[in-house]
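Visitor: For reference, the sequence and a predicted model appear below.
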Amino acid sequence: MIQNLETFRSLPIEAVAADLGIPVMRHLARCPFHEDRHPSLHFHVGRNTFHCFACDAHGGPIDLVMHKFHISLPEACRWLAAHHGIILSAASSRLPLPRMRQEIPLDTEWLESLVAHPELSPEACRFLFQERHYRPEVIRWLGISSISHSMPCWRHGRPFYDAPALLIPYRSPGGRLLSVQSRYLGLAGSGHELSPAPPRFRFPRGGRCGIYNLPVTTLLAPGEPLYIAEGVTDCMAMLSAGHKAIAIPSATLLTQADKEVLRSLAERIGPLNLHACPDADAPGERLFQSLSAMAASLGSTLHRHSLPPGCKDYSDLYLLHYESIRHPSN
């Protein structure tokens, strides 16, 4: 076992990031754990921790090294010791210095087999239809599936999709599978305190997080409103409310490739009639400002819809009014 873990946990988090080749400016950096065009990795110097607001990677100095190299805790401590002049016990010092492991390409053929015939577990039905009140035809359109037992997200084994979870396919405008995101449905904080709940959303290694529900853009008529949601569940709510909608996970994940998709759409049907209902927080405001700049560059218009007091996002608004949305005559 590694001795004096607190020594490694107390190493300055931003100094460790610099050792890993992660440039930090004003406590922010581009996250190395996903395709990040703008800084979404935040460093809290007081707590000596990091947290990515896009992919949810988080932890302390040891975790940062483990995430970066995909290595074990002892290997991460060995690496930190070598870079910070920390003397390890004789047994620990014999551990080899880690090397970057080769990235595994996204196994879309295997992922397609997981969502080719969507099935909804009792947990998924409870979340989608009893808690969130999404319309069944929307869930069918999106091809949402689910799992009740953890399983690999590539055919050779690890890493795993945690369960119970939704499996959410991301597709190109023409329907080609791009990736599959899981949405954990278990209770946060359940289980032993040394085994915290998995991240709520997870992509497979090699998966690209981009615009969600691109196939709906092929159905958009000139001048027809296109709603932009912050995240897939808000998109499901907008679709259930009768809007044609896509989702962007955050402003940090609005990539140049995604912008080109919307530019091509504008070239096909003319200026886009875009609508957004930003989350009632700072990231939501940043996303709206980023979308506004993008819309202007496309010669399109972005309309803002404000949330009423007590609603933090569009999903809250949909739940507040879902009876009137689904039954407008009542």
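Guide: All right, it came through fine.
Visitor: could you pull out the helices for the stretch 101-250 of the chain?
Guide: Using DSSP state H, counting those that start in this stretch, the helices of the stretch 101-250 of the chain run over 108-115, 122-125, 136-142, 232-240.
Visitor: Please enumerate residues in contact with the third one?
Guide: This points to helix 136-142. With contact meaning CB atoms under 8 Å, 6 or more residues apart in numbering, helix 136-142 is reached by Pro118, Leu120, Leu128, Phe129, Ile168, Pro169, Asn213, Met236, Leu239, Ser240. The way it works is simple: take the backbone N, C-alpha and C, and place the C-beta from them, glycine included.
Visitor: Quick one: the helices of the stretch 101-250 of the chain as JSON lines, columns for mean pLDDT and mean neighbour count too.
Guide: Formatted as JSON lines, the helices of the stretch 101-250 of the chain follow (pLDDT from 0 to 100; neighbours: other CB atoms under 10 Å):
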{"stretch": "helix 108-115", "mean pLDDT": "91", "mean neighbour count": "16"}
{"stretch": "helix 122-125", "mean pLDDT": "96", "mean neighbour count": "16"}
{"stretch": "helix 136-142", "mean pLDDT": "97", "mean neighbour count": "16"}
{"stretch": "helix 232-240", "mean pLDDT": "95", "mean neighbour count": "25"}
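Visitor: Out of the ones you listed, the one nearest Pro74 is which?
Guide: Comparing the helices of the stretch 101-250 of the chain by their distance to Pro74 (CB to CB), the top pick is helix 108-115, with 31.1 Å.
Visitor: what helices or strands is the closest one leaning on?
Guide: strand 145-147, strand 151-154, strand 165-171, strand 177-184 (3 or more CB pairs under 8 Å, 6 or more residues apart in numbering; DSSP states H and E).
Visitor: Output the last one as CSV - backbone C-alpha positions only.
Guide: It refers to strand 177-184. Below are the C-alpha coordinates for strand 177-184, written out as CSV (Å, rounded to 0.1, in the frame of the first residue of the first chain):
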residue,chain,number,x,y,z
LEU,A,177,-25.0,6.3,-34.9
LEU,A,178,-22.4,8.6,-33.4
SER,A,179,-22.3,7.5,-29.8
VAL,A,180,-24.5,6.3,-26.9
GLN,A,181,-24.8,8.2,-23.7
SER,A,182,-26.0,6.6,-20.5
ARG,A,183,-28.2,8.3,-17.9
TYR,A,184,-27.8,6.7,-14.5
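Visitor: got the contact list for the closest residue to Asp313 other than its chain neighbours?
Guide: Spatial nearest neighbour of Asp313, chain neighbours left out: Asp279 (4.6 Å); criterion: CB to CB, 6 or more residues apart in numbering. Going by CB under 8 Å, 6+ apart, Asp279 touches Glu230, Leu287, Leu307, Lys312, Asp313, Tyr314.
Visitor: ranking these by neighbours, who comes first?
Guide: Tyr314 (28 neighbours; other CB atoms under 10 Å).
Visitor: Return the distance of that residue relative to Ser300.
Guide: To Ser300, Tyr314 is 20 Å away according to CB to CB, to the nearest Å.
Visitor: Next, count neighbours for the residue nearest to Arg200 when sequence neighbours are not counted.
Guide: Excluding the flanking residues, the one nearest Arg200 by CB to CB, 6+ apart is Tyr184, at 5.2 Å. Look at Tyr184: counted by other CB under 10 Å, it has 18 neighbours.
Visitor: Can you pull the poorly scored residue ranges out of the stretch 51-200 of the chain?
Guide: 85, 87-104, 157-159, 188-197 (pLDDT under 70).
Visitor: got a list of what Tyr318 touches?
Guide: By CB under 8 Å, 6+ apart, the residues touching Tyr318 are Arg132, His133, Ala237, Met238, Ser240, Ala241, Ile325.
Visitor: Same question for Asp63.
Guide: Neighbouring residues of Asp63 by CB under 8 Å, 6+ apart: Phe50, Ala76.
Visitor: can you confirm it is in a helix?
Guide: Yes. According to DSSP: H, G, I helix; E, B strand; the rest coil, Asp63 belongs to a helix.
Visitor: Met25: which of the helices of the stretch 101-250 of the chain is closest?
Guide: Nearest to Met25, of the helices of the stretch 101-250 of the chain and by CB to CB, is helix 232-240 at 30.1 Å.
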